[in-house]
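In: Just to be clear, the model below is a prediction. Sequence and coordinates:
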Amino acid sequence: MSENPPARPLPDTRNAGAKFWSAAAEGVLLVPTCGACGTAFWHPRPRCPHCGSDRVDWIKASGRGTIHTFTVVRQSGDPYFRTKLPYAVAMIELDEGIRMMSNIVQTPIDSLAIGMRVEAVFEPAAAGVGIPLFRAAAERAKRSGQ
Amino acid sequence: MSQHHLSGQAAIVGAATAGIGWDTKMSVAEIMAEAANKALDDAGLSVRDVDGLFAVTPYYWMASATLADQLGIQPKVTDSTNIGGASVVAHVGHAVRAIVSGQCEVAVIAYASTQRSDTGKLVTGADLLPYERPYGPLFPISGYAMVMQRHMHEFGTTREQLAKVAVAASQWAALNPEALKPEPLTVEDVLASSLISDPLRKLDICLVTNGGGAIVLTSSERAKTLMKPAIPVLGTGESHSHCYMSNMRSFTTTAGVESGRAAYEMAGLGPADIDVAQIYDAFTIMVVLGLEDMGFCKKGEGGRMIDAGIGPGSRLPVNTTGGGLRYCHPGMFGIFLLVEAVRQLRNECGKRQVAKARRALVHGFGGVLAGNATVILGRG
């Protein structure tokens, strides 16, 4: 009898963020943006937290940003994350001006630093659900970036 | 509107701890009620005098009602407000207003937890957004680790300075007969302890213990008729700028700026008027942020203030019990900040007594720096 390896915890999608995860399954990073005041915001909500409008649009983001702050998790009781130790949790400042939590992957842990340029990659999680993750941006982006 | 007219109108007249330890034979409700009864004994009041109940604990969804059942009373004012570890500090402001407005005469604020004995049994409230859960942050540890990382980056705060917060706590704990970790600690010990969530190490984190505490408040008028010297509530403030890590407006400045300002304005005082401070220290970085956001030093200079000293004999003695890091930490530490502030102002602290302490500031944090509440006590 084979046992499935523990899987990454799935996001709850019964909320205003459902489209964020379904777009990620297609390799697209969407951010909620107010149709009335034009402000991009995080996290997804049915109404804009700046002006209260319910005209929330989803805008395709560049997928690029910088590490605002991060931590390397060394211990975990979670069956999935225990298999990933040590792993990086970071707050990513997207070029669109919002800050979201993610993991930094495919990047040496010792090279992580605040201000590092990163780009989105996508991990399939379940049918119609993808998880946006980030890795150190390619050289090209480093030169043209800030 | 200025709240200055409320300053000094109500006072803390009783304070007590109960059930502090590694093991317990009592339930959370029993410890909470025992603390309340001891605080009432301390005040020279009876449970029959109590008509305002304020309580919080991770265990009961209506903590003030649980406490009322245990004490056998029906209050006129009831408040189970939960903003994490800062809750009971916020309750002080609520109780002052209830007393001054005449809604109640004698208020009890109580807390208890048997978190140590329940480790592995209690499902603790890791409250994460759906947009955080897939990424595996340790709650709340990784949040504080990211705050620490950002503070070190922005202001050059060092690992050694943060370790000194735990060392100062150990020096105070050595003077506190109630402290559960009175053993000495060095900077090297802290820096050699295991990494949990970089740059945060095991000895940057509070103890996990059992325990409870309570305070009693009444009007300053009625307080004159009681046994012990009343400790007037001079200022109170509360705020939160976020609940979840993802919504933090800043990783280095807390809503303590606003709660502290409200408390100072109500008291008509400033940071220079404070003789002793109790700042919530579940993690070493919180003391640095608390010192900055309470205005004891400029933003970014908290590390240097730690270098100058916050231990016994320092200019501003901080966390004179040994704090959550070395005294006890049963889930939420707020009540112990308040009890110690009262004991210091009453000159009851023996070896750890701060000489000529006239005014104390208490600042509570809750969640990942989410809930903030500030109280200023003493003689105006």
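Out: Thanks, I have it.

In: what bridges to B:Val375?
Out: For B:Val375, the beta-bridge partners are B:Thr236, B:Val362 (DSSP bridges).

In: how many neighbours does it have?
Out: Per other CB atoms under 10 Å in any protein chain shown, the neighbour tally for B:Val375 reads 32. C-beta coordinates here come from the backbone N, C-alpha and C atoms, glycine included.

In: who does the closest residue to B:Gly8 other than its chain neighbours bridge with?
Out: Residue nearest to B:Gly8 in three dimensions, not counting chain neighbours: B:Pro232, with 4.4 Å by CB to CB, 6 or more residues apart in numbering or on different chains. Judged by DSSP bridges, the bridge partners of B:Pro232 are B:Ala11.

In: low-scoring pLDDT stretches of the chain, where are they?
Out: All of this refers to chain A. For chain A, the stretches flagged by pLDDT under 70 are A:1-2, A:139-146.

In: nope, chain B please
Out: B:120-125.

In: Which parts of it are strands?
Out: Using DSSP state E, the strands of chain B run over residues B:10-21, B:52-56, B:77-79, B:106-113, B:195-197, B:200-201, B:210-219, B:231-240, B:276-279, B:359-366, B:371-378.

In: Turn the ones you listed into a markdown table, including distance to B:Pro140.
Out: Compiled in a markdown table, these are given as follows (distance: least, CB to CB, whole Å):
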| stretch | distance to B:Pro140 |
| --- | --- |
| strand B:10-21 | 22 |
| strand B:52-56 | 17 |
| strand B:77-79 | 24 |
| strand B:106-113 | 16 |
| strand B:195-197 | 10 |
| strand B:200-201 | 11 |
| strand B:210-219 | 19 |
| strand B:231-240 | 14 |
| strand B:276-279 | 17 |
| strand B:359-366 | 10 |
| strand B:371-378 | 12 |
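
In: and chain A, which residues reach chain B?
Out: Within chain A, the positions near chain B by CB under 8 Å from any CB of the partner chain are A:8-13, A:15, A:17, A:20, A:42-44, A:68-76, A:78, A:80-81, A:84, A:87, A:89-91, A:99-103, A:114, A:125, A:131.

In: switch the cut-off to 6 Å
Out: A:8-9, A:11-12, A:43, A:69, A:71-75, A:81, A:89, A:101-103, A:114, A:131 (CB under 6 Å from any CB of the partner chain).

In: For the residue nearest to B:Gly8, list the residues it contacts.
Out: By CB atoms under 6 Å, 6 or more residues apart in numbering or on different chains, the residues touching B:Pro232 are B:8, B:11, B:220.

In: which residues touch the second one?
Out: B:Ala11 sits next to B:220, B:223, B:230-232 when contact means CB under 6 Å, 6+ apart.

In: For those, work out which two are farthest apart.
Out: Greatest spatial distance in the contacts of B:Ala11: B:Ser220 and B:Ile231, 10.0 Å, computed using CB to CB.

In: what sits against B:Glu238?
Out: Contacts for B:Glu238 were tallied using CB under 6 Å, 6+ apart; they are B:90, B:93, B:259, B:373.

In: Any idea how many residues pack against B:Gly213?
Out: For B:Gly213, using other CB under 10 Å, the count is 31.

In: And the nearest residue to B:Glu183 once chain neighbours are set aside, how close does it get to B:Phe296?
Out: Excluding its sequence neighbours, the residue lying closest to B:Glu183 (CB to CB, 6+ apart) is B:Ser170, at 7.1 Å. Separation of B:Ser170 from B:Phe296 (CB to CB, to the nearest Å): 21 Å.

In: same deal with A:Ala113?
Out: 30 Å.

In: ok, now B:Asn82?
Out: On the measure of CB to CB, B:Asn82 and B:Phe296 end up 28 Å apart.

In: Same check on B:Ala262?
Out: On the measure of CB to CB, B:Ala262 and B:Phe296 end up 17 Å apart.

In: same check, this time on B:Tyr111
Out: 26 Å.

In: Neighbour count: those two, which is higher?
Out: B:Tyr111 (34 against 22).

In: For chain A, give me its nearest residue in the stretch 251-380 of chain B.
Out: B:Phe251 (5.4 Å; CB to the nearest CB).

In: I'd assumed A:Thr69 was in contact with that residue.
Out: Yes: counting by CB atoms under 6 Å, A:Thr69 is a contact partner of B:Phe251 at 5.4 Å.

In: joint contacts of these two?
Out: Joint contacts of B:Phe251 and A:Thr69 (CB under 6 Å, 6+ apart) are B:Arg150.

In: All the strands of chain A, residue numbers only.
Out: A:30-34, A:56-60, A:64-73, A:87-94, A:99-104, A:117-126, A:129-136.

In: thinking again about what came up before, so which of the strands of chain B is nearest B:Pro134?
Out: strand B:195-197 (17.1 Å).

In: for the closest one, packing partners?
Out: With contacts taken as 3 or more CB pairs under 6 Å, 6 or more residues apart in numbering or on different chains; DSSP states H and E, strand B:195-197 sits against helix B:141-155.

In: Residues contacting the helix it packs on, please?
Out: A:69, A:71, A:89, A:114, B:157, B:196-197, B:199-200, B:245, B:251-252, B:283, B:285, B:300, B:368.

In: how deep is B:Glu183 tucked in, by neighbour count?
Out: Neighbour count of B:Glu183, defined by other CB under 10 Å: 10.

In: Now do it against B:Gly309, distance only.
Out: Taken as CB to CB, the span from B:Glu183 to B:Gly309 is 20 Å.

In: returning to what we had before: what about B:Ser220 and B:Ile231, which has more around it?
Out: Shown here are B:Ser220 and B:Ile231; by other CB under 10 Å, B:Ile231 has more neighbours (25 against 17).

In: re the thing from before, how about the strands of chain A in TSV, adding mean neighbour count?
Out: As requested, the strands of chain A are arranged in TSV below (neighbours: other CB atoms under 10 Å in any protein chain shown):
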stretch	mean neighbour count
strand A:30-34	21
strand A:56-60	14
strand A:64-73	24
strand A:87-94	23
strand A:99-104	23
strand A:117-126	17
strand A:129-136	21
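
In: could you dump those strands to TSV with distance to B:Asp204?
Out: Output for these, formatted as TSV (distance: least, CB to CB, whole Å):
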stretch	distance to B:Asp204
strand A:30-34	34
strand A:56-60	39
strand A:64-73	12
strand A:87-94	17
strand A:99-104	21
strand A:117-126	27
strand A:129-136	26
